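Colleague: Quick one: sequence plus predicted model below, questions after.
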Amino acid sequence: MKQKLSIPAPVSRLLWRLSIVLALLTVIRILFFAFNRSSFQHASAYDLLVGFWFDIITVSLFFFPFILLSLIPGRNKVAVWRDRIANFYYHIASILLYALNLMDIEYFKYTSKRSTFDLFTILGAGSDFKQLVFSFITDFWVLILIFIGVLIVHFQLHHYTLRQHKRENEYARWKPVLLSYLILIPCFVVLGRGGFQLKPVGIIEAAQYSSPENSALILNTGFTMLKSYGKERLELKQYFNEEQERRIFDPIQHSTARKILPDGTNLVVIILESFGNEFIGACGADESYTPFLDSLINESLFFEYAYANGKKSIEAVPAIVAAVPSLMDNPYISSPYANNKIESLASILKKHGYSTAFYHGATNGSMRFDSFAAQAGYDKYYGRFEYKNDAHFDRTWGILDEYFNPWSARKMSELKQPFHGTLFTLSSHHPYYVPPHMNGRVKHGPQQICASISYGDISLRRFFEEARKQPWYNNTLFVLCADHTPSTSTPHFNERHMMYRVPILFYHPGGKLGKKKEKMVFQHLDIMPTALELLNIEEKIYSFGKSYFDKGPREAIAYLEGTHYYFRDKYMLTFTDDKARNLLEISTQKKSPVDSMKYQRQTVHLYETRLKGIIQRYNRDLMRNQTTTQ
């Protein structure tokens, strides 16, 4: 009688246990989609199917040691220890994968991408993690309950699988087991690579399966963590020879004194945490939560098409004060290039007799801003510890803006004029805490952040009320901008062409700049060269942005999950894996901009060439520590 062909028990048990993880990762992906539906308006079942393929790749990579252990023959004590080690690894890897993906259900709202390994670097800076952990537990308790539910299902299914696939005599037929071993191991190697192509599948490949805005839905956090570990360094690009590159893009510029403001004018840069255009009336919001900022905008040189160069505070500060973007997975401040020599507003102005200081009410060490301020050349740093009054501490981030802002204005009077001060606010940040005594004064809205933005606006008013009392006020140029856009449930502001739109304005109390709303593209990177020219500083500078007075192309750049975004005129170019992918017309307020790539070949070539020049110069200069004019 011919023997019936059957799968050996160790192989069957292994496949069932891996299937449990795949099934639960699929459930978590569906939850990720449901919780962030407004960010994936054009997603389809195909994206979820591709996401399942990335889960298979992730499971093959994460569980490869477990796979090897599970198929090793053994008896008695050897089998017992093999199973103990394999089970321990299996459960730890599973729990880690579930936790990382569930965490990103909420964290994605703030970064618009899957978390990469730099998250641990950021959380490890200062005491942010210790201060935030309680806030996250109380605010996101639903995810904790889901996590517990996932673990219960995981262990129940695992127990059921062990009962259904008993171990009795499972290695009696050693030949089928060995054959399965020889077949399965190469299969899992190929699956872990994502196929037979030359290079293993990476984060950037997600954009090839769908549009870039759906990359986070296709990827999973375990995959992005694994693929970003040890991959922080940039790759040297060779799109052009260096002579061609200089003709296309050169960050070395010469600033020109514009003689609009008097020599020796002070400079105060105010970075507003999470003040996205969605909540600002003067930026076209349906409902305004910023009456004071609106009034400043109406008295300023204001840019209607202004862009942040990133989605995180840690990405914004180098772009604003040093004109250096974070065109890589790791933010510049936490990257291997953080100790590069740079030129900033502080270092340049110090050469012209300015005293400088950086003010941030968070606990010292937060986001490494104190270290970066020192690296950028600021003379002094004032944080929570320098404030010396924890009665005004919000118990999460730092000193409340209503106290720290006017205190900073008074501290600026201690600086020798002319001076440059940078103030970074913090209260309009998750968990969006508004002190109880202010609840009746702030304006509430449909999203939790609305009241926090309103509170931030009141606190900004208090800064200016205090600043007006100081002797330096009338001789000061104020630059105000948001660091990035916040988390939002509004689909339109989750579109890629809207998620970087922030207010940027230049204000002089004496009205010397006039009142003007410019419709040109303007970005964080343009702040430093513009401010220097308004202060009549004539210097050779290194900047990835350009002055407002420069007649060259008006552009903005951003990077997210392997895709570069290039804004120019009325278009946004997406660039992934060394190729232009889309050219979207963004001048209209349509929810779904039209892709004009097929019909605007010359424009695509022009923009792609310019962007390649920027990327090539950026990568090489950071890798060689040549981000100065010297």
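Modeller: Alright, I've got the coordinates.
Colleague: Please enumerate the strands of the protein.
Modeller: Taking DSSP state E to define them, one finds strands in the chain at 252-254, 266-272, 301-307, 355-360, 380-382, 419-424, 476-482, 504-507, 516-523, 540-542, 555-560, 563-568, 571-576, 579-585.
Colleague: How about Ser39, nearest residue that isn't a chain neighbour?
Modeller: Asn494 (4.3 Å; C-beta to C-beta, 6 or more residues apart in numbering). Where C-beta positions appear, they are placed from N, C-alpha and C, glycine not excepted.
Colleague: and that neighbour, how far is that from Thr290?
Modeller: 21 Å (C-beta to C-beta, to the nearest Å).
Colleague: Tell me which of these two has more neighbours.
Modeller: For the pair Asn494 and Thr290, the greater number of neighbours falls to Thr290 (26 against 21), based on other C-beta atoms under 10 Å.
Colleague: Run a quick check on the more buried one versus Ile280, I expect a contact.
Modeller: Yes. Counting by C-beta atoms under 8 Å, Ile280 is a contact partner of Thr290 at 4.9 Å.
Colleague: hmm, back to that, how about the strands of the chain in a markdown table, adding mean neighbour count and mean pLDDT?
Modeller: Putting these into a markdown table (neighbours: other C-beta atoms under 10 Å; pLDDT from 0 to 100) gives the following:
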| stretch | mean neighbour count | mean pLDDT |
| --- | --- | --- |
| strand 252-254 | 14 | 96 |
| strand 266-272 | 24 | 98 |
| strand 301-307 | 23 | 97 |
| strand 355-360 | 24 | 98 |
| strand 380-382 | 19 | 96 |
| strand 419-424 | 26 | 98 |
| strand 476-482 | 23 | 98 |
| strand 504-507 | 23 | 98 |
| strand 516-523 | 17 | 96 |
| strand 540-542 | 20 | 97 |
| strand 555-560 | 24 | 96 |
| strand 563-568 | 21 | 96 |
| strand 571-576 | 22 | 96 |
| strand 579-585 | 19 | 93 |
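Colleague: Please convert these to CSV, extending it with distance to Gln197.
Modeller: Written out in CSV, the entries for the strands of the chain read as follows (distance: least, C-beta to C-beta, whole Å):
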stretch, distance to Gln197
strand 252-254, 39
strand 266-272, 43
strand 301-307, 35
strand 355-360, 46
strand 380-382, 48
strand 419-424, 44
strand 476-482, 41
strand 504-507, 43
strand 516-523, 36
strand 540-542, 39
strand 555-560, 24
strand 563-568, 20
strand 571-576, 16
strand 579-585, 16
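Colleague: Looking at the ones you listed, spot the one closest to Leu179.
Modeller: For the strands of the chain, the distance to Leu179 is smallest for strand 571-576, at 41.7 Å, taking C-beta to C-beta.
Colleague: pull the CA atoms of that closest one into PDB?
Modeller: Below are the C-alpha coordinates for strand 571-576, written out as PDB (Å, rounded to 0.1, in the frame of the first residue of the first chain):
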ATOM      1  CA  TYR A 571       3.500  72.000  -9.000                       C
ATOM      2  CA  MET A 572       4.800  69.300  -6.600                       C
ATOM      3  CA  LEU A 573       7.200  66.700  -8.000                       C
ATOM      4  CA  THR A 574       7.600  63.400  -6.200                       C
ATOM      5  CA  PHE A 575      11.000  61.700  -6.600                       C
ATOM      6  CA  THR A 576      11.700  58.100  -5.500                       C
END
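Colleague: surely the residue nearest to Ser39 meets Ser38?
Modeller: Yes. With contacts counted by C-beta under 8 Å, Asn494 reaches Ser38, the gap being 5.1 Å.
Colleague: what is in contact with the two at once?
Modeller: When contacts are counted by C-beta atoms under 8 Å, 6 or more residues apart in numbering, the set common to Asn494 and Ser38 consists of Thr488.
Colleague: for this structure, what's the longest helix?
Modeller: Looking across the chain with DSSP state H, the single longest helix is helix 76-111.
Colleague: Only the buried residues of that helix, if you could.
Modeller: The neighbour-count check on helix 76-111 (16 or more other C-beta atoms under 10 Å) flags 82, 86-87, 89-90, 93-94, 97-111 as buried.
Colleague: Now do it, average pLDDT.
Modeller: Taken as a whole, helix 76-111 has an average pLDDT of 87.
Colleague: check contacts around Val142.
Modeller: Taking C-beta under 8 Å, 6+ apart as the test, Val142 contacts no residue whatsoever.
Colleague: Local confidence estimate at it?
Modeller: 90.
Colleague: Tyr90 touches Ile67, doesn't it?
Modeller: No. At 9.8 Å, Tyr90 and Ile67 do not qualify as touching, with contact defined as C-beta under 8 Å.
Colleague: domain ranges for the protein?
Modeller: In terms of domains, the chain is parsed into 9-228, 243-544 (source: automatic domain parsing).
Colleague: Of these, which shows the lowest average pLDDT?
Modeller: domain 9-228 (a mean of 82).
Colleague: Start and end of that one, how far apart?
Modeller: The separation between the terminal residues of domain 9-228, taken as C-alpha to C-alpha, to the nearest Å, is 36 Å.
Colleague: which residues of the stretch 51-200 of the chain fall in helices?
Modeller: Ranges of helices within the stretch 51-200 of the chain are 64-70, 76-111, 118-123, 128-139, 141-164, 174-193, based on DSSP state H, counting those that start in this stretch.
Colleague: Export those helices to TSV and append columns for distance to Lys237.
Modeller: TSV is the format used below for the helices of the stretch 51-200 of the chain (distance: least, C-beta to C-beta, whole Å):
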stretch	distance to Lys237
helix 64-70	32
helix 76-111	25
helix 118-123	21
helix 128-139	34
helix 141-164	39
helix 174-193	24
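Colleague: Minimum distance to Tyr455: which of these has it?
Modeller: For Tyr455, the closest of the helices of the stretch 51-200 of the chain is helix 128-139, at 16.5 Å, according to C-beta to C-beta.
Colleague: ok, how many other residues are close to Asn625?
Modeller: As a burial measure, Asn625 scores 12 neighbours (other C-beta under 10 Å).
Colleague: so it makes contact with Pro336?
Modeller: No. With contact defined as C-beta under 8 Å, Asn625 does not reach Pro336; the gap is 10.5 Å.
Colleague: got a list of what Phe40 touches?
Modeller: Shown here is Phe40, whose contacts under the criterion C-beta under 8 Å, 6+ apart are Phe33, Asp47, Glu213, Asn214, Leu217.
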